[in-house]
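Q: Below are the sequence and a predicted model for it; my questions follow.
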Amino acid sequence: MLLNYLWVGFFLTAFLSGLVQWMWLGDAEIFARLMQAVFDSAKAAFEISLGLTGALAFWLGILRVGERGGFLRLLTRGLTPLLRRLMPQVPPDHPAMGAMVMNLSANLLGLDNAATPLGIKAMQELQSLNRQPDTATNAQILFFVINASSITLFPVSILVFRAQMGAAHPADVFIPIVMATFCSTFAGFASVALRQRIDLRDPVILIYLAGFMLAVAGLTFYFGGMNQDDMQRNSAAFSNLLLFSLIALFLAGAIYRRVNAYEAFIEGAKEGFHTAITILPYLVAMLVAIGVLRASGLLEAIMSGMRSLCYLIQVDARFVDALPTALIKPFSGSGARAMMLDSMRTYGVDSFPARLATIIQGSTETTFYVLAVYFGAVGVKNVRYAVGCGLLADLAGVLAAIVITYRFYG
């Protein structure tokens, strides 16, 4: 419902702005520009969706090979000890534990189509342990916040969009996204741990946290000593190395487990083709709405006001152009994706605002959508502090994305 109001509001706001400019400012061409924006944006949405088909088919095919090759199961085995310590109220042999671990593993690999049903299943299993069915339990809140903090480490769709829009090195944002995602997830987890008084001194929890933090600290230390040109060049090279190594690892795993990698790839690629076609109506709807809002001049007026405020307090204002993606992301994934694509089209795919919008998109999540789907599936009405912790994770992701983008591309 919120997305409906947002979408309709874009069109009506553009219409009212056009009337004001026509009647009071004498701009007789305003509605011609609005209609041209409709046609241009609809055409761009189709071209983007069409161009995504091949890349999406390939990556979803490769991910299916990795899933069949046992990497999902491997991640599941690795995450189980951590969740047992974080959720002591969930019996180790309860079906909820397996569903949660599978969901988080699918999220880490970017298997969104598998992650959502597994997440709903996990929430339903957790609900079977809930003594107050209308109120979220500690385990449900922690599980929700981890999901709402953009835990994905393999942002397939973002890399594909950058490739389609003509980026010089589509994968060069991979490392910045990983770093910003860690900040988002850590902030969300820390806020829940504080509220639930989770004993972070537990040796198992400490080992996992230390491992995650050392990995990110290592990346920060490695790239932190470089100038920006070297940082961008090495980040792109390192990201491409990691991604291609992952492809090779998935294929090697399939051979080791005697999986027919080719058939698994074809099965996943078919899903990629279907996904590219499925997102076309959403891209048309949101890109046209954003296009007319931009053509009306209202969006630029708001951005100009925010830039003026930044100049007044002597702050670099380049981040302002990417803020629409950050503001819409908690409410609508498709809306934020359209804002990201609009930044790429308007400023250039390798521009500072487009890169920042991309990293924000990859390090934050549609918190209210996840809230509605997961808690709505089990009829929980009192979510307690879940929303606050989820939005804190989003805020941490946005702030980290801004700082990291300035460091890498500023």
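A: Alright, I've got the coordinates. Numbering: from 1, shown residues only.

Q: what about the closest residue to T346 other than its chain neighbours, how many neighbours?
A: Spatial nearest neighbour of T346, excluding adjacent residues (C-beta to C-beta, 6 or more residues apart in numbering): R294 at 7.4 Å. (C-beta placed from N, C-alpha, C; glycine too.) A count of nearby residues for R294, using other C-beta atoms under 10 Å, gives 21.

Q: Please renumber the chain so that the first residue is 250 from this point on.
A: Got it, the first residue is 250 from now on, which makes the last one we talked about R543.

Q: list the contacts for R543?
A: R543 sits next to A286, E549, D591, T595 when contact means C-beta atoms under 8 Å, 6 or more residues apart in numbering.

Q: just G554 next, same as before
A: Per C-beta under 8 Å, 6+ apart, neighbours of G554: none.

Q: Which strand or helix spans F657?
A: helix 635-658 (DSSP states H and E).

Q: now the nearest residue to S399 once chain neighbours are set aside: how far from A525?
A: Nearest residue to S399, sequence neighbours excluded (C-beta to C-beta, 6+ apart): E614, at 4.3 Å. Taking C-beta to C-beta, to the nearest Å as the measure, E614 falls 22 Å from A525.

Q: now swap in A649 and tell me
A: Distance from A649 to A525, counting by C-beta to C-beta: 30 Å.

Q: Spatially nearest residue to G300, not counting backbone neighbours?
A: Of all residues apart from its sequence neighbours, Q413 sits closest to G300 (C-beta to C-beta, 6+ apart), at 4.3 Å.

Q: For that neighbour, grab the count of nearby residues.
A: By the criterion of other C-beta under 10 Å, Q413 has 23 neighbours.

Q: quick one: contacts for it?
A: By C-beta under 8 Å, 6+ apart, Q413 lies in contact with I297, G300, L301, A304.

Q: and what of N379?
A: With C-beta under 8 Å, 6+ apart as the criterion, the residues that contact N379 are T386, Q389, V627, V629.

Q: Next, it: phi, psi?
A: The phi/psi pair for N379 (degrees, to the nearest 10) reads phi -90, psi 120.

Q: Where do the helices of the stretch 450-599 of the chain begin and end?
A: Under the criterion DSSP state H, counting those that start in this stretch, helices of the stretch 450-599 of the chain are mapped to 452-473, 477-505, 510-527, 529-544, 547-561, 572-577, 582-596.

Q: Could you export those helices as JSON lines, including mean pLDDT and distance to I369?
A: Rendered in JSON lines, the data for these read as follows (pLDDT from 0 to 100; distance: least, C-beta to C-beta, whole Å):
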{"stretch": "helix 452-473", "mean pLDDT": "86", "distance to I369": "25"}
{"stretch": "helix 477-505", "mean pLDDT": "83", "distance to I369": "26"}
{"stretch": "helix 510-527", "mean pLDDT": "84", "distance to I369": "19"}
{"stretch": "helix 529-544", "mean pLDDT": "82", "distance to I369": "21"}
{"stretch": "helix 547-561", "mean pLDDT": "85", "distance to I369": "36"}
{"stretch": "helix 572-577", "mean pLDDT": "88", "distance to I369": "24"}
{"stretch": "helix 582-596", "mean pLDDT": "86", "distance to I369": "16"}
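
Q: Serialize these to TSV and add fields for distance to D342.
A: Listed next are those as TSV, based on distance: least, C-beta to C-beta, whole Å:
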stretch	distance to D342
helix 452-473	18
helix 477-505	27
helix 510-527	30
helix 529-544	41
helix 547-561	53
helix 572-577	41
helix 582-596	34
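
Q: out of these, nearest to Y658?
A: helix 477-505 (6.8 Å; C-beta to C-beta).

Q: Dump the helix holding F657 to PDB, restricted to CA.
A: This file holds the C-alpha atoms of helix 635-658, laid out as PDB (Å, rounded to 0.1, in the frame of the first residue of the first chain):
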ATOM      1  CA  ALA A 635      12.400  -4.700  15.600                       C
ATOM      2  CA  VAL A 636      11.700  -1.600  13.400                       C
ATOM      3  CA  GLY A 637      14.100   0.600  15.400                       C
ATOM      4  CA  CYS A 638      16.900  -1.900  15.200                       C
ATOM      5  CA  GLY A 639      16.200  -2.500  11.500                       C
ATOM      6  CA  LEU A 640      16.300   1.200  10.600                       C
ATOM      7  CA  LEU A 641      19.400   1.700  12.700                       C
ATOM      8  CA  ALA A 642      21.100  -0.900  10.500                       C
ATOM      9  CA  ASP A 643      19.900   0.900   7.400                       C
ATOM     10  CA  LEU A 644      21.200   4.200   8.700                       C
ATOM     11  CA  ALA A 645      24.600   2.600   9.500                       C
ATOM     12  CA  GLY A 646      24.700   1.200   6.000                       C
ATOM     13  CA  VAL A 647      24.000   4.600   4.400                       C
ATOM     14  CA  LEU A 648      26.500   6.400   6.500                       C
ATOM     15  CA  ALA A 649      29.200   3.700   5.800                       C
ATOM     16  CA  ALA A 650      28.400   3.900   2.100                       C
ATOM     17  CA  ILE A 651      28.900   7.600   2.000                       C
ATOM     18  CA  VAL A 652      32.200   7.500   3.900                       C
ATOM     19  CA  ILE A 653      33.500   4.500   1.800                       C
ATOM     20  CA  THR A 654      32.500   6.100  -1.500                       C
ATOM     21  CA  TYR A 655      34.300   9.300  -0.600                       C
ATOM     22  CA  ARG A 656      37.400   7.300   0.300                       C
ATOM     23  CA  PHE A 657      37.300   5.100  -2.800                       C
ATOM     24  CA  TYR A 658      36.000   7.500  -5.400                       C
END
